[in-house]
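Novice: The following comprises the amino acid sequence and a computationally predicted model.
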Amino acid sequence: MTVARRIDDRGRFTDGRGIVAQPLFRLGLGRQLGGVDGVTHDCGRVTHLPEGFLERRLDLRLESAAHLLQLVVGLHEAADGIGKPFGAEHHERDQQDDDDLASLQIEHLSESTGLPSWSGVQQRLPSLLDPPITFAHRGARAHAPENTIEAFALGLKLGATGLESDVWLTADGVPVLDHDGVVKRGLRKRPISEFRRDELPEHIPTLVELLAAVGTGYHLSLDLKDPDSAIPIVDAVESVDASMIERVWLCEPGLDRVLELRATIDVPVRLLQTTRLERIKGTPERRAEYLARNGIDGINLHRTDWNGGLATLFHRFDLVAFGWDHQHEEDLRTGLRMGLDAVYSDHVDVMTDAFVAEIGSL
């Protein structure tokens, strides 16, 4: 004789003689029982949960670190052309290999983005310039009005070993230091090139005025905003201190133009191409070889373009690796650890502290 089963008020199957089993919906799978006779109203409520609810609950329970680990390894497999979802094939591999691969990928991401590495403290890679240069970007612009004598002097006082600025030429051929390169007169803004030096506002210094005010015992990085400014810059520096020429770094974005400057300038001023990694045609190795073959001294990239491997690549060709826009301590320390030869920052006090922590005393 068959004993009839029922579900008691606690959601358990019974046959009158005792508990037989826990129903499946107690395990969160109640929707699979939708067609079973005698399912209670409680079970029905589970079966009507919106589609995807359980999956979202599971997603929310994922630990963030494990989620990133899956993402990083999955991206690596996609790049290798495997084309399979993260999961089944990993049961066929040694788990330690997967963990090591993920650690390497996360370390690479940390170098590229400036985020702290999860795989531990990175040993500092060697730089070509020893010690690396710390450039006060537009002077200590986080502490004083940018591109003013006050800002430049303060940058050096706070510990910067280099100063950075943009250079424009006035109508009478004088190199001046300013970022935007325009002067507001009334309701109009006009380019600096339309004014003589004596017509500019007093807060815009000439290059000669900077050197006279703060001396020449530091490195000087100058962005060439005017294509014809290189020769006047060299002349201005030589008129104050010819020995400083080897510590002047002229940064030019145009590849053809920087090659023209090397062929034109007959003094040992340093020349860099300033660009972004995404704008380089071909591989970074080809660009490094081309720059080195044509006598260019290095390359200046945004901090997010750099990692330790890329810095080492350019060093192989005896090219310096400069990185701009390092504004936070973790950015600065990461840049110095990956072997950059120079970093630029608005926050000179933070930059100095990061340098002391990674390199040693100034």
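Specialist: On my side now, so go ahead. Residues are numbered from 1 along each chain as shown.
Novice: so residue 323 sits in a strand?
Specialist: Yes: Residue 323 forms part of a strand when assessed by DSSP: H, G, I helix; E, B strand; the rest coil.
Novice: Run a quick neighbour tally on it.
Specialist: Using other C-beta atoms under 10 Å, residue 323 is surrounded by 27 other residues. In short, each C-beta sits where N, CA and C put it, glycine included.
Novice: go on, the one 5 residues further on?
Specialist: Residue 328 sits with 15 neighbouring residues when counted by other C-beta under 10 Å.
Novice: you'd agree it is up against residue 346?
Specialist: No: the pair residue 328 and residue 346 does not pass the contact test of C-beta atoms under 8 Å, sitting 10.6 Å apart.
Novice: Confirm for me that residue 190 is in contact with residue 182.
Specialist: Yes: applying C-beta under 8 Å, one finds residue 190 in contact with residue 182, separated by 6.4 Å.
Novice: okay, the two: which has more neighbours?
Specialist: For residue 190 versus residue 182, the count of surrounding residues by other C-beta under 10 Å is larger for residue 182: 15 against 12.
Novice: so what's that one up against?
Specialist: Under the criterion of C-beta atoms under 8 Å, 6 or more residues apart in numbering, the neighbours of residue 182 are 189, 190, 191, 192.
Novice: swap the cut-off to 6 Å and go again
Specialist: The neighbourhood of residue 182, defined by C-beta atoms under 6 Å, 6 or more residues apart in numbering, consists of 189, 191.
Novice: is it in a bridge, and if so with what?
Specialist: Using DSSP bridges, the beta-bridge partners of residue 182 come out as residue 191.
Novice: quick one: it from residue 255, how far?
Specialist: Distance of residue 182 to residue 255, given as C-beta to C-beta, to the nearest Å: 27 Å.
Novice: what's the answer for residue 342, then?
Specialist: If you measure residue 342 against residue 255 using C-beta to C-beta, the figure is 20 Å.
Novice: What strands flank the host helix or strand of residue 299, and is each parallel or antiparallel?
Specialist: When secondary structure is defined using DSSP states H and E, the element that contains residue 299 is strand 298-302. Here strand 298-302 has these sheet partners by DSSP bridges: strand 270-274 (parallel), strand 320-324 (parallel).
Novice: Among those strands, which comes closest to residue 229?
Specialist: strand 270-274 (13.2 Å; C-beta to C-beta).
Novice: rewinding a little: can I get the strand holding residue 299 in CSV, CA atoms only?
Specialist: The C-alpha atoms that make up strand 298-302 are tabulated as CSV, following Å, rounded to 0.1, in the frame of the first residue of the first chain:
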residue,chain,number,x,y,z
GLY,A,298,64.3,60.3,-24.7
ILE,A,299,60.6,60.3,-24.6
ASN,A,300,58.1,62.0,-22.3
LEU,A,301,54.8,60.1,-21.7
HIS,A,302,51.8,60.5,-19.4
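Novice: Show the average pLDDT along it.
Specialist: In this model, strand 298-302 carries a mean pLDDT of 98.
Novice: And the contacts of it?
Specialist: So strand 298-302 is in contact with 251, 272, 273, 274, 276, 319, 320, 322, 325, going by C-beta under 6 Å, 6+ apart.
Novice: just stretch 342-362 next, same as before
Specialist: Taking C-beta under 6 Å, 6+ apart as the rule, stretch 342-362 contacts 131-137, 140-142, 155, 158-160, 164, 322-324, 326-327, 329, 332-333, 335-336.
Novice: list the contacts for residue 258?
Specialist: 252, 271, 273, 296.
Novice: In a helix, it, correct?
Specialist: Yes: the assignment for residue 258, made by three-state DSSP, places it in a helix.
Novice: Next one, pLDDT for it please.
Specialist: What the model reports as pLDDT for residue 258 is 97.
Novice: Now do it against residue 133, distance only.
Specialist: 19 Å.
Novice: thinking again about what came up before, of residue 342 and residue 255, give the one with the bigger neighbour count.
Specialist: It is residue 342, of residue 342 and residue 255, that has more neighbours when counted by other C-beta under 10 Å, with 27 against 18.
Novice: what does the model give residue 138 for pLDDT?
Specialist: Model confidence at residue 138, given as pLDDT, is 98.
Novice: correct me, but it touches residue 145?
Specialist: No: taking C-beta atoms under 6 Å as the contact criterion, residue 138 and residue 145 are not neighbours in contact, 9.3 Å apart.
Novice: quick one: which two of the contacts of strand 298-302 are the most distant?
Specialist: The widest separation within the contacts of strand 298-302, taken as C-beta to C-beta, falls between 319 and 325 and amounts to 19.8 Å.
Novice: which one of the two has more residues nearby?
Specialist: A count of neighbours by other C-beta under 10 Å puts residue 319 above the other of residue 319 and residue 325, at 23 against 16.
Novice: show me what contacts that one?
Specialist: 288, 291, 292, 298.
Novice: Find me the pLDDT at residue 115, would you?
Specialist: Taking residue 115 on its own, its pLDDT is 39.
Novice: how about the contacts of strand 298-302 in TSV, adding pLDDT and distance to residue 266?
Specialist: Rendered in TSV, the data for the contacts of strand 298-302 read as follows (pLDDT from 0 to 100; distance: C-beta to C-beta, whole Å):
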residue	pLDDT	distance to residue 266
251	98	20
272	98	18
273	98	20
274	98	22
276	98	30
319	98	21
320	98	21
322	98	24
325	98	33
